[in-house]
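Peer 1: Build me a structure from this.
(one chain, ligands or ions: 2)
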Amino acid sequence: MEKKIAVLKGDGIGPEVTDQALKVLKAVEKTFGHKFHYTEALVGAVAIDATGNPFPEETLKVCQSSDAILFGAIGHPKYDNDPKAKVRPEQGLLAMRKALGLFANIRPVNTYKILENASPLRADLVQNVDFVVFRELTGGIYFGTRGRSEDGNMAFDTCTYTRDEILRISKLAFESARQRKNHVTLVDKANVLASSRLWREVVKEYHAANFADVTLDFMFVDNAAMKIIQQPAFFDVVLTENMFGDIITDEASVITGSMGMLPSASVGSVVGLYEPIHGSYPEGAGLNIANPNGAILSAALLLETSFGMVAEAKAIRAAVEKAMEDGILTIDIRREKPNSTTEVGDYVANLVAKGASVVA
Ligand code: IPM
Ligand code: MN
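Peer 2: Ligands and ions are numbered 1, 2, ... in the order given. Predicted structure coming up:
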């Protein structure tokens, strides 16, 4: 197959981890006989430095003319503590989500045997954890009306949702449940918020009419935050709005033992975007220490979701797992004599090359 991939490495460790994912994609090309065309474009702080805009028009064009987007990370500390900064790297990310219509953020949360003791939770609690969060990504408080009173002493953000916005992500979540353990949990705050009451109403109706074979339950977000710690194996598919999803996916990621391992997909009507869930980790930038597996597994998710390349994705996942079993681990997982970012990338790419030739 011949495909076009936009490569947005972004800030901090984004470039180093994305480079490892590219190595692995090149191994896939060779061994499975595909041709991928890569086009790099700027986003985030590096884009502000170069153009003044965190998501330049040129980058939008590159994304729109690609079949999928591989994304690194965004964010730079020089903007974090400056409440008056006029442009922020994060605005680039939000603009990109909106412009590309990426309304669903899909974050799988699963653990690896080797990481069981790295989790802040007891090993028996994290065994069998395997769930996926469907977070709504282009609505809610992130994109509502916001403002500040003239005297500066009052500020507000509004959370708005429409029936259609709720329906289109619900469809994806229920379809995913049918491929998994057939269980959806809607996380909301319907005891307080009108927007949450709309979510409940719409999801309930939609479920009854179209997915009655899937188990559906409802959980308030505060309760869900506890449950993720107390009994994470309870969950299969979590469906939720933008901000609740932002918070609980960070919480969920750490129980796996290393957030450096987790990929994510943001999809919508046109092109899909794939990125590790970790941030730009500016303190680690350029040190060749970051765990590239989140980025590498994002490439696997890209192949599977956007290109339908199931065997290729499987080969990457198997290689990541084997590399870990072989003791090829970055410092987030093994503090003594850790492997570097590039060592992990080389090892995994090599395994993908070998694995595929054995299959073929
Ligand atoms: C994420 C990030 C972003 C978000 C920030 C950087 C705007 O935390 O992708 O989860 O809140 O959506
Ligand atoms: Mn977040």
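Peer 1: Tell me which strands the top strand by length along the chain pairs with, and in which orientation.
Peer 2: Taking DSSP state E as the criterion, the chain has its longest strand at strand 2-10. Here strand 2-10 is paired, per DSSP bridges, with strand 35-40 (parallel), strand 68-73 (parallel).
Peer 1: Format those strands as a markdown table; extra columns: mean neighbour count.
Peer 2: (Each C-beta comes from the backbone N, C-alpha and C, glycine too.) Formatted as a markdown table, these follow (neighbours: other C-beta atoms under 10 Å):
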| stretch | mean neighbour count |
| --- | --- |
| strand 35-40 | 14 |
| strand 68-73 | 26 |
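Peer 1: quick one on the thing from earlier: give me the mean pLDDT for the longest strand of the chain.
Peer 2: For strand 2-10, mean pLDDT rounds to 98.
Peer 1: sorry, back to before: will you turn the strands paired with strand 2-10 into CSV that also has distance to ligand 1 and mean pLDDT?
Peer 2: Output for the strands paired with strand 2-10, formatted as CSV (distance: least, C-beta to the nearest ligand atom, whole Å; pLDDT from 0 to 100):
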stretch, distance to ligand 1, mean pLDDT
strand 35-40, 21, 98
strand 68-73, 9, 98
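Peer 1: Does the longest strand of the chain reach ligand 1?
Peer 2: No. Counting by C-beta under 6 Å from any ligand atom, ligand 1 is not contacted by strand 2-10; separation bottoms out at 10.7 Å.
Peer 1: can you give me the offset of that strand from its chain's centre?
Peer 2: Taking C-alpha atoms, centre = their mean, to the nearest Å, one finds strand 2-10 lying 16 Å from the centre of the chain it belongs to.
Peer 1: can I get the CA coordinates of that strand in CSV?
Peer 2: What follows is strand 2-10, C-alpha atoms only, in CSV (Å, rounded to 0.1, in the frame of the first residue of the first chain):
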residue,chain,number,x,y,z
GLU,A,2,1.1,3.6,-0.7
LYS,A,3,0.2,6.2,2.0
LYS,A,4,1.0,9.7,3.0
ILE,A,5,1.9,10.4,6.7
ALA,A,6,2.2,13.9,8.1
VAL,A,7,4.9,14.0,10.8
LEU,A,8,4.5,16.7,13.5
LYS,A,9,7.3,16.1,15.9
GLY,A,10,6.5,19.2,18.1
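Peer 1: And the strands in the stretch 1-150 of the chain, which stretches?
Peer 2: 2-10, 35-40, 68-73, 104-110, 130-136, 146-148 (DSSP state E, counting those that start in this stretch).
Peer 1: Now do Leu115: how many residues are near it, please.
Peer 2: Residues lying near Leu115 (other C-beta atoms under 10 Å) number 19.
Peer 1: circling back to that earlier point, what residues does the longest strand of the chain touch?
Peer 2: 15, 18-19, 22, 25, 34-44, 46, 59, 62-63, 65-74, 271, 280, 302, 307 (C-beta atoms under 8 Å, 6 or more residues apart in numbering).
Peer 1: Could you pull up the residues touching the residue in the chain that ligand 1 sits nearest to?
Peer 2: Minimum separation of the chain from ligand 1 (C-beta to the nearest ligand atom) falls at Glu90, amounting to 4.0 Å. Neighbouring residues of Glu90 by C-beta under 8 Å, 6+ apart: Pro54, Ile74, Gly75, Tyr79.
Peer 1: Mind putting those residues into a markdown table with distance to ligand 1?
Peer 2: Formatted as a markdown table, the contacts of Glu90 follow (distance: C-beta to the nearest ligand atom, whole Å):
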| residue | distance to ligand 1 |
| --- | --- |
| Pro54 | 11 |
| Ile74 | 6 |
| Gly75 | 6 |
| Tyr79 | 11 |
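Peer 1: At the contact with ligand 1, which residues of the protein appear?
Peer 2: So the chain meets ligand 1 at Glu90, Leu93, Asp246 (C-beta under 6 Å from any ligand atom).
Peer 1: Reduced to three states, what does the residue nearest in space to the middle of the chain come out as?
Peer 2: Centroid-nearest residue in the chain, with C-alpha atoms, centre = their mean: Ser264, separated by 2.4 Å. What DSSP: H, G, I helix; E, B strand; the rest coil gives for Ser264 is strand.
Peer 1: Helices along the chain, start to end?
Peer 2: 14-32, 45-51, 57-64, 77-80, 89-99, 123-126, 163-179, 194-210, 221-230, 242-254, 293-307, 310-325, 341-359 (DSSP state H).
Peer 1: Excluding residues flanking it in the chain, which one is nearest Ala45?
Peer 2: His76 (3.7 Å; C-beta to C-beta, 6 or more residues apart in numbering).
Peer 1: Give me the phi and psi for that neighbour.
Peer 2: phi -140, psi 140 (degrees, to the nearest 10).
Peer 1: Show the contacting residues for it.
Peer 2: His76 touches Asp11, Gly12, Gly44, Ala45, Pro89, Ser280, Pro282, counting by C-beta under 8 Å, 6+ apart.
Peer 1: redo that, cut-off 10 Å
Peer 2: 10-12, 44-46, 48-49, 88-90, 280, 282, 285 (C-beta atoms under 10 Å, 6 or more residues apart in numbering).
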